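> Build me a model:
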Amino acid sequence: MTQTSLVHIMAAHSPLSAILAEEAGFDGLWASGFELSALYGLPDMSLISMTQHLDMLRAIAGRTTLSIVADIDTGYGNAINVIHAIGEYERAGASAVVIEDKTFPKVTSLVASGRQELLRIEEFKGKIAAAVTTRRDPDFLVIARTEALIAGLGETEALQRAQAYVDAGADMILIHSKKKDPSEIESFSRAWTGSVPLAIVPNAYPELNAERVKALGNIRMTIYGNYGIRAAATGLQETFRRIIADGGVQNVHKDILPVEEIFRLQRMDEIKSAESRFLC
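So this is what the prediction gives:
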């Protein structure tokens, strides 16, 4: 996770989605709180526990070679909770964590009229410092996410917070916006003179593609934060509705992956080989 070029990180909510992301060619995985919440049929409002998130992260880590960036929301509490969380996420297989400067419990950033309350700068600096001090691997990234633009506080506040978090030891700043165009992100990037690179999550402004991002010069990580669960839900929704409409699977079966492809993703060939070798 120490590359100097732009890395593309795909959200994963399961080991299968992680396998597919790796096969597609992504540089890393985003262990997304939003996607895991959606998988449980719950809103992204701090309802999923750290234990649930860690269990899924361990399962994902066991089925991929990609680095995993863990979305740990507000750090599950104050700086003391962050100390505990960092140890747990390092042991679970994460290569980085993203901690955001909202109050707990948080509300997902892009929901209309959501409650977006931010911690005092000094309190959040304590969380970042606690995370940096606790990590055992110096290559384990602590990424500070400021929601100042999401909360409508403006670029000046966002820049002030970002610099304060760098001063506390953050390795990278994640800057987010809910505008439907990338103007806020591009403006922040041009104004950013800090010593660490930026990360973005272009969910609301998808036209900010790799070419435009690279032209800005200081963004090193693009996280595709909810595309995995949206794609999965699209496929399930369309397939399930067709089966009901058709009164069976006689039409839909030819448009979905054959079961043999699922066997391949499950590595059934390895199991068959092991059976032949060891089941005497």
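
> who does the helix or strand harbouring Gly235 touch, helix- and strand-wise?
Applying DSSP states H and E as the criterion places Gly235 in helix 227-246. Helix 227-246 sits against strand 7-12, helix 15-24, helix 33-39, with contacts defined as 3 or more CB pairs under 8 Å, 6 or more residues apart in numbering; DSSP states H and E. Where C-beta positions appear, they are placed from N, C-alpha and C, glycine not excepted.

> what angle do the next helix-or-strand element following the last one and strand 7-12 make?
Secondary structure here is assigned by DSSP H and E; on that basis, the next helix or strand after helix 33-39 toward the C-terminus is helix 50-61. Taking axes from the mean of the first three to the mean of the last three CA atoms, to 10 degrees, one finds helix 50-61 and strand 7-12 inclined to each other by 120 degrees.

> what pairs with the helix or strand that helix 50-61 is followed by, and is each one parallel or antiparallel?
As assigned by DSSP H and E, the chain's next helix or strand after helix 50-61 is strand 67-71. Partners of strand 67-71 in the sheet, by DSSP bridges, are strand 28-31 (parallel), strand 96-100 (parallel).

> quick one: average pLDDT of strand 67-71?
Strand 67-71 shows a mean pLDDT of 98.

> Helix 15-24 and that one, what's the angle between them?
130 degrees.

> what residues does strand 67-71 touch?
Contact with strand 67-71 is made by 1, 9, 27-34, 53, 57, 60-61, 89, 92-98, 141, 143, 221, 223, as judged by CB atoms under 8 Å, 6 or more residues apart in numbering.

> Following element in sequence after that strand, please.
helix 79-92.

> Output the contacting helices and strands for that next one.
Against helix 79-92 (3+ CB pairs under 8 Å, 6+ apart) you get helix 50-61, strand 96-100, helix 121-134.

> Tell me which of these sits most buried.
Ranked by average neighbour count under the criterion mean count of other CB atoms under 10 Å, the helices and strands packed on helix 79-92 are headed by strand 96-100 at a mean of 25.

> can you list the residues that contact it?
Residues from elsewhere that reach strand 96-100, judged by CB under 8 Å, 6+ apart: 1, 67-75, 82, 85-86, 89, 106, 127-128, 131, 140-147, 171, 174, 199.

> now do stretch 263-271
Leu16, Ile19, Leu20.

> how many neighbours does the closest residue to the last one other than its chain neighbours have?
What that stands for is Leu20. Spatial nearest neighbour of Leu20, excluding adjacent residues (CB to CB, 6 or more residues apart in numbering): Leu265 at 7.5 Å. Using other CB atoms under 10 Å, Leu265 is surrounded by 14 other residues.

> coming back round to it: quick one, which of the contacts of stretch 263-271 are buried?
Buried by 16 or more other CB atoms under 10 Å: Leu16, Ile19, Leu20, out of the contacts of stretch 263-271.

> Quick check, Ile128 in contact with Ala170.
Yes - at 5.2 Å, Ile128 counts as touching Ala170 under the criterion of CB atoms under 8 Å.

> Now stretch 145-152 - C-alpha only, CSV.
Taking C-alpha atoms only, stretch 145-152 is exported to CSV below (Å, rounded to 0.1, in the frame of the first residue of the first chain):
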residue,chain,number,x,y,z
ARG,A,145,-11.2,11.0,6.6
THR,A,146,-12.6,14.4,7.0
GLU,A,147,-16.3,14.9,6.4
ALA,A,148,-16.1,18.7,6.5
LEU,A,149,-17.4,19.1,2.9
ILE,A,150,-20.2,16.5,3.6
ALA,A,151,-21.2,18.5,6.6
GLY,A,152,-21.3,21.8,4.5
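
> Please identify the buried residues of that stretch?
Within stretch 145-152, the residues that count as buried by 16+ other CB under 10 Å are Arg145, Thr146, Glu147, Ala148, Leu149, Ile150, Ala151.

> Secondary structure for those residues - can I get that in a markdown table?
Below are these laid out as a markdown table (DSSP: H, G, I helix; E, B strand; the rest coil):
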| residue | secondary structure |
| --- | --- |
| Arg145 | strand |
| Thr146 | strand |
| Glu147 | coil |
| Ala148 | coil |
| Leu149 | coil |
| Ile150 | coil |
| Ala151 | coil |
